[in-house]
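Colleague: Provided below are the primary sequence and the corresponding predicted coordinates.
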Amino acid sequence: MQKERGNKMIVVLKDNPDEKQLNNLVSWLKSMGLDIHFSKGQSATIMGLIGDTASVDIDLINSLDIVETVKRVQEPYKNVNRKFHPDDTVVEIAPGVKIGGGNFQVIAGPCSVESEEQVCEVASAVKEAGAGLYRGGAFKPRTSPYAFQGMRDEGIKLLLEAKKKSGLPIVTEVMDISHLPLFENVDVIQVGARNMQNFELLKELGHLKKPVLLKRGLSSTLKELLMSAEYIMAGGNENVILCERGIRTFETATRNTLDLASIPLLKTMTHLPVIVDPSHATGIAHLVKPMAMAATAAGADGLMIEVHNNPACALCDGAQSLTPADFTDVMEAVNLIRPVAYKG
Ligand code: PEP
Ligand code: MN
């Protein structure tokens, strides 16, 4: 059984530390049974100490020539913690398609894949409007078992077809570990709000190298969201993108309540990219534009927006889906905001 891995500490090193002194420090810490993780960022080199640090003499380490500062880390997450990794993570989804660290991406497409015609038509429309990635649900988590459940494996095939035709990388949701083989050529695997704490699924995704878009659970705290991301990163997959998609509150006028403050707050807590889904956050098409603009202004690294060629006939989430023309208008507004967005 794995032992609870004690407290964590970080040691910030001075620039160009003396190699001999550094080796001595590392051997001494290792002799106390600690694991050491180095993170060499642009601003500093940081040593993360994991294990039972209770008996480590903080003052002694602080007094060393090569050490700038030493801090104990209270948070239960490590891999996702900005304290251990001060630089923004940039997730490269496909050659030239990056998100995070100043790279902004808009993911757009229908709630669900419905037909070849629909999926290909919307893909070319959102590409034309400037989306960098294409979304569409093949496996749909629906509240009612009688509602459209998605085209499943056939839906993935159609998305791959749209990817081939449009050249846009694709994002689609996985609901079960057993379906993962179908996702081999999918560029970003989405974990939906309802699966944010499906820990076995998160562990499995941790073994892949493929980017994962992790959506915030309906009633999850930011700490819980980060702990779920930690599950994926702890398995070795560093390509995690977080998505704020609204949370459930007492308010029923909107489908969910968009927690805009989570964007700048998450970005102080973690180095991972944070995107916002104003479609599921509001459930109302005309609220998507103002919330997309607000999320961009608040410093989001990207957006996920539902677009349908005929929202009135959509099999899922028509009320929050934009037409291609409305989506083009949102893209223009977002592009105007981007240069003045909050950067922390
Ligand atoms: C979706 O993006 O299609 C979706 C189901 O969203 P969420 O998991 O945020 O409800
Ligand atoms: Mn939807």
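Modeller: Perfect, I can see it now. Ligands and ions are numbered 1, 2, ... in the order given.

Colleague: Could you pull out the strands in the chain for me?
Modeller: Counting by DSSP state E, one finds strands in the chain at the ranges 8-13, 35-40, 45-50, 67-73, 91-94, 97-99, 105-109, 133-135, 170-173, 188-191, 212-215, 240-244, 274-276, 302-306.

Colleague: What helices and strands are in contact with the fourth one?
Modeller: Packed against strand 67-73, as judged by 3 or more C-beta pairs under 8 Å, 6 or more residues apart in numbering; DSSP states H and E, are the following elements: strand 8-13, helix 58-62. (Glycine included, C-beta is placed from N, CA and C.)

Colleague: for the fifth one, same thing?
Modeller: Other elements packing on strand 91-94 under the criterion 3+ C-beta pairs under 8 Å, 6+ apart are strand 97-99.

Colleague: Can you give me every residue that contacts His179?
Modeller: His179 sits next to Phe139, Asp153 when contact means C-beta atoms under 8 Å, 6 or more residues apart in numbering.

Colleague: Apply 10 Å and report the result again.
Modeller: Applying C-beta atoms under 10 Å, 6 or more residues apart in numbering to His179 gives the contacts Ala138, Phe139, Arg152, Asp153, Ile156, Glu173.

Colleague: For Gly167, grab the count of nearby residues.
Modeller: Gly167: 12 surrounding residues under other C-beta atoms under 10 Å.

Colleague: Gly48 now?
Modeller: Neighbour tally, Gly48, other C-beta under 10 Å: 21.

Colleague: Is it correct that it is in contact with Asn81?
Modeller: Yes - between Gly48 and Asn81 a contact is recorded at 8.6 Å, counting by C-beta atoms under 10 Å.

Colleague: Please identify which of the helices and strands packed on strand 67-73 is closest to Ile305.
Modeller: Closest approach to Ile305 among the helices and strands packed on strand 67-73 (C-beta to C-beta): strand 8-13, 37.4 Å.

Colleague: if you average pLDDT over the closest one, what comes out?
Modeller: Across strand 8-13, the average pLDDT comes to 93.

Colleague: quick one: it to strand 67-73, angle?
Modeller: Angle of strand 8-13 versus strand 67-73, following axes from the mean of the first three to the mean of the last three C-alpha atoms, to 10 degrees, is 170 degrees.

Colleague: helices and strands around strand 8-13, which ones?
Modeller: helix 19-31, strand 35-40, strand 45-50, helix 58-62, strand 67-73 (3 or more C-beta pairs under 10 Å, 6 or more residues apart in numbering; DSSP states H and E).

Colleague: just how off-centre is that strand within its chain?
Modeller: Put simply, strand 8-13 sits 25 Å off its chain's centre (C-alpha atoms, centre = their mean, to the nearest Å).

Colleague: Neighbouring strands - and their directions - for it?
Modeller: As defined by DSSP bridges, the strand partners of strand 8-13 come to strand 45-50 (antiparallel), strand 67-73 (antiparallel).

Colleague: any idea how far Thr146 is from Met32?
Modeller: For residue 146 the amino acid is Tyr, not Thr. 59 Å (C-beta to C-beta, to the nearest Å).

Colleague: again with Glu19
Modeller: Taking C-beta to C-beta, one finds Glu19 at 21 Å from Met32.

Colleague: Close to ligand 1: what parts of the stretch 201-344 of the chain are there?
Modeller: The stretch 201-344 of the chain comes close to ligand 1 at residues Lys215, Arg245, Asp277, His280, as judged by C-beta under 6 Å from any ligand atom.

Colleague: Look through the stretch 151-300 of the chain and state the residue closest to ligand 2.
Modeller: His280 (5.8 Å; C-beta to the ion).
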